[in-house]
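Asks: Next one to model:
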Amino acid sequence: MLTPFSPIGIFDSGVGGLSVLRAIREKMPEENVLYIGDQVHVPYGPRSMEQIQSFSEGITNFLLNHDAKLIVVACNAASAAALTYLRGRFPAVSFVGMEPAVKPAVETTKTGKVGVLATPATFQGALYASVVERFAAGVELFQHTCPGLVGQIEKGDLESNATRAILEDALLPMLEKNIDTVVLGCTHYPFVIPLIEQIVGENVRVIDPASSVAKQVKRLLEAQGMKNQSQGRISSVRFFTSGDPFEMKSILPILLGESGEVESVTWKNDREIR
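Replies: Sure, this is the predicted structure:
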């Protein structure tokens with residue numbers, strides 16, 4: 001039986017969703033959390049919609065079997081490919097997904113030129129197309145998939161020349177087009193915001209949607225009477241990975257500034273995770 005003490009479930013193809021976990025814990029430190037990184041399949045971006053839906057369904061079943069009261073799809077590629085599918089498969093479950101923050105970018109841009117950094121699956125998905133159609137009229141969008149950036153962040157390589165080169169390749173041509181806003185359409189990318197800001201300068205706004213996602217999670221839990229109201233209670237976070245738990249454990253201090261134990265899970269036929 002689910003209660004307000006039941007955990008929030010969060011998943012991503014890898015460690016990118018930790019940026020969303022960080023925002024949720026800042027806003028709701030009393031909430032228990034289950035986090036799973038499907039690192040054996042990272043990145044999701046280049047994969048087919050059918051594959052991503054299969055992975056997402058398997059992970060959702062795993063989180064529900066561990067009493068998750070709400071599930072955050074903390075992966076733009078999975079949100080684009082599988083969020084509607086998951087809501088259809090699990091109509092009784094509350095899902096919160098990632099939507100590229102084009103709307104706030106359009107509302108604040110002065111030059112009318114906005115850069116969007118995301119993976120191929122996000123750009124090719126119906127969700128991104130819908131956001132652009134609804135909110136981007138009259139604004140010019142410049143898109144880049146930043147090949148290799150997810151892999152650099154998965155390694156904890158946030159500041160090297162190689163990581164900078166990937167970002168410069170994406171951002172410098174956009175700066176020449178006079179962008180004044182950059183939208184981060186992948187949950188991995190907030191971990192390199194300091195490097196992005198070095199490249200684009202102080203006059204370009206960088207939008208990380210993680211805070212908005214955390215606000216939506218809080219709103220839903222409050223509306224359902226499922227928010228943990230315990231004040232001062234020490235919450236628990238359990239980390240799982242389908243990849244190497246030692247590698248994920250080693251990167252937690254780099255990305256979250258804290259350590260934690262990581263539990264191993266395994267896939268069966270890419271449909272069921274244990």
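
Asks: Report the separation between Val217 and Val20.
Replies: 9 Å (Cβ to Cβ, to the nearest Å). C-beta coordinates here come from the backbone N, C-alpha and C atoms, glycine included.

Asks: Now for the two: what residues contact both?
Replies: Taking Cβ atoms under 8 Å, 6 or more residues apart in numbering as the criterion, Val217 and Val20 both touch Val72.

Asks: so where is the chain shaky, pLDDT-wise?
Replies: Residue ranges of the chain with pLDDT under 70: 232-234.

Asks: Going along the chain, name the helices of the stretch 151-274 of the chain.
Replies: Here the stretch 151-274 of the chain has its helices, by DSSP state H, counting those that start in this stretch, at 161-176, 193-200, 210-223, 245-256.

Asks: quick revisit: which one of Val217 and Val20 has more residues nearby?
Replies: A direct count of neighbours by other Cβ atoms under 10 Å for Val217 and Val20 places Val20 higher, at 28 against 24.

Asks: Show the contacting residues for that one.
Replies: Contacts of Val20 by Cβ under 8 Å, 6+ apart are 10, 12, 72, 74, 98, 187, 210, 213-214.

Asks: do that again at 7 Å, thanks
Replies: 10, 72, 74, 187, 210, 213 (Cβ atoms under 7 Å, 6 or more residues apart in numbering).

Asks: pretty sure Pro43 contacts Gly16?
Replies: No. The pair Pro43 / Gly16 is not scored as a contact, 8.8 Å apart, by Cβ atoms under 7 Å.

Asks: Identify the contacts common to those two.
Replies: Looking at what touches both Pro43 and Gly16 (by Cβ under 7 Å, 6+ apart), the common residues are Val150.

Asks: With neighbour numbers in mind, choose between these two.
Replies: The neighbour count for Pro43 versus Gly16, taken as other Cβ under 10 Å, is higher for Gly16 (28 against 25).

Asks: What is the burial count for the nearest residue to that one once chain neighbours are set aside?
Replies: Nearest non-adjacent residue to Gly16, counting by Cβ to Cβ, 6 or more residues apart in numbering: His188, 3.3 Å away. Here the number of neighbours of His188 (other Cβ under 10 Å) works out to 30.

Asks: so what's His188 up against?
Replies: 16, 149-150, 153 are the contacts of His188 under Cβ under 7 Å, 6+ apart.

Asks: again, only using 8 Å
Replies: Contacts of His188 by Cβ under 8 Å, 6+ apart are 14-16, 19, 149-150, 153-154.

Asks: Arrange those in JSON lines, one row each, with secondary structure and distance to Leu195 as further columns.
Replies: Shown next, in JSON lines, are those (DSSP: H, G, I helix; E, B strand; the rest coil; distance: Cβ to Cβ, whole Å):
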{"residue": "Gly14", "secondary structure": "coil", "distance to Leu195": "18"}
{"residue": "Val15", "secondary structure": "coil", "distance to Leu195": "17"}
{"residue": "Gly16", "secondary structure": "coil", "distance to Leu195": "15"}
{"residue": "Ser19", "secondary structure": "helix", "distance to Leu195": "14"}
{"residue": "Leu149", "secondary structure": "helix", "distance to Leu195": "10"}
{"residue": "Val150", "secondary structure": "helix", "distance to Leu195": "14"}
{"residue": "Ile153", "secondary structure": "helix", "distance to Leu195": "11"}
{"residue": "Glu154", "secondary structure": "helix", "distance to Leu195": "16"}
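
Asks: I'd like to know which of those residues is nearest to Ser48.
Replies: Val150 (17.1 Å; Cβ to Cβ).

Asks: What's the separation between the closest one and Ile166?
Replies: Counting by Cβ to Cβ, the gap from Val150 to Ile166 is 10 Å.
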